[in-house]
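In: sequence? don't have it. structure:
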């Protein structure tokens, strides 16, 4: 009886628990879930400073320079990763590896995307040499999980990005057909057109009456 009561109680607890409780953890990405991450865009300066301090505490004291230099993008990336991955990201910055990438802040934003986290962060650091190429970097930050999870070779994405860069006209969507431009019509022309229509109507009425009067 006691076991049954405990079992029913556990089922009730998990069923009644709010979804946000489980959304605070993101096992696949390694970091906190979207509901538990800092909303830096809506935070006031004091809140942003507090989040920076928490980011340093999460990634370790060595992450201080990284967090202060890269700002809110670094904070968002740190909370998207597990503490070990966040510490490695700070080490990657300290070693100069992050600075050698074409747009370091864009990589941090890619790491901070929902569901990205550790997978995107660790893969980028392991393939940092490849990502120094601008086209490869562009492809990676555009769809990072495709490459981090091995769904697409980075070389293929880089080739596509290079083709778009070298031939932007072909990569752009087809332009909509231009609307037919009609010549402007003046007021006098409209008056003449109206008079002409009235004259034609009058002639049609006159001829119809003439036919009706004929025996």
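Out: Noted; the coordinates are in hand. These figures come from a predicted structure and were not determined experimentally.
In: what are the buried residues along the top helix by length along the chain?
Out: Assignment by DSSP state H gives helix 187-213 as the longest helix of the chain. Neighbour-count burial for helix 187-213, with 16 or more other C-beta atoms under 10 Å as criterion, is recorded at no position. C-beta here means a position set from N, CA and C on the backbone, and glycine is covered the same way.
In: from the middle of its chain, how far away would it be?
Out: Put simply, helix 187-213 sits 63 Å off its chain's centre (C-alpha atoms, centre = their mean, to the nearest Å).
In: quick check: what element follows the helix or strand harbouring residue 57 along the chain?
Out: Using DSSP states H and E, residue 57 sits in helix 45-59. Where DSSP H and E defines the elements, the next helix or strand beyond helix 45-59 is helix 64-80.
In: next SSE downstream of that next one?
Out: Next along the chain after helix 64-80, with elements defined by DSSP H and E, is helix 83-94.
In: give me the low-pLDDT residue ranges for the protein?
Out: Applying pLDDT under 70 to the chain flags residues 1-38, 40-42, 170-183, 185, 214-215.
In: do that again at 80, thanks
Out: Applying pLDDT under 80 to the chain flags the ranges 1-43, 168-186, 188-190, 192-193, 195, 204-215.
In: what's the distance between residue 98 and residue 44?
Out: Between residue 98 and residue 44 the computed distance is 28 Å (C-beta to C-beta, to the nearest Å).
In: so for those two, which sits in the more crowded spot?
Out: residue 98 (23 against 8; other C-beta atoms under 10 Å).
In: that older thread, now the helix holding residue 57 against helix 64-80, angle please.
Out: Counting by axes from the mean of the first three to the mean of the last three C-alpha atoms, to 10 degrees, helix 45-59 lies at 90 degrees to helix 64-80.
In: list the buried ones in helix 45-59?
Out: By 16+ other C-beta under 10 Å, the buried positions in helix 45-59 come out as 48, 51-52, 55-56, 58-59.
In: okay, those residues in a markdown table with distance to residue 106 next?
Out: A markdown table is the format used below for these (distance: C-beta to C-beta, whole Å):
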| residue | distance to residue 106 |
| --- | --- |
| 48 | 20 |
| 51 | 20 |
| 52 | 20 |
| 55 | 19 |
| 56 | 22 |
| 58 | 22 |
| 59 | 20 |
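In: what is the nearest of these to residue 186?
Out: residue 48 (61.9 Å; C-beta to C-beta).
In: ok, back up a step: of the buried residues of helix 45-59, which is the nearest to residue 83?
Out: For the buried residues of helix 45-59, the nearest to residue 83 is residue 58 (5.5 Å; C-beta to C-beta).
In: I'd guessed the closest one sits against residue 78; true?
Out: Yes. Under the criterion of C-beta atoms under 8 Å, residue 58 makes contact with residue 78 at 5.6 Å.
In: shared neighbours of those two, anything?
Out: Residues touching both residue 58 and residue 78 (C-beta atoms under 8 Å, 6 or more residues apart in numbering): residue 86.
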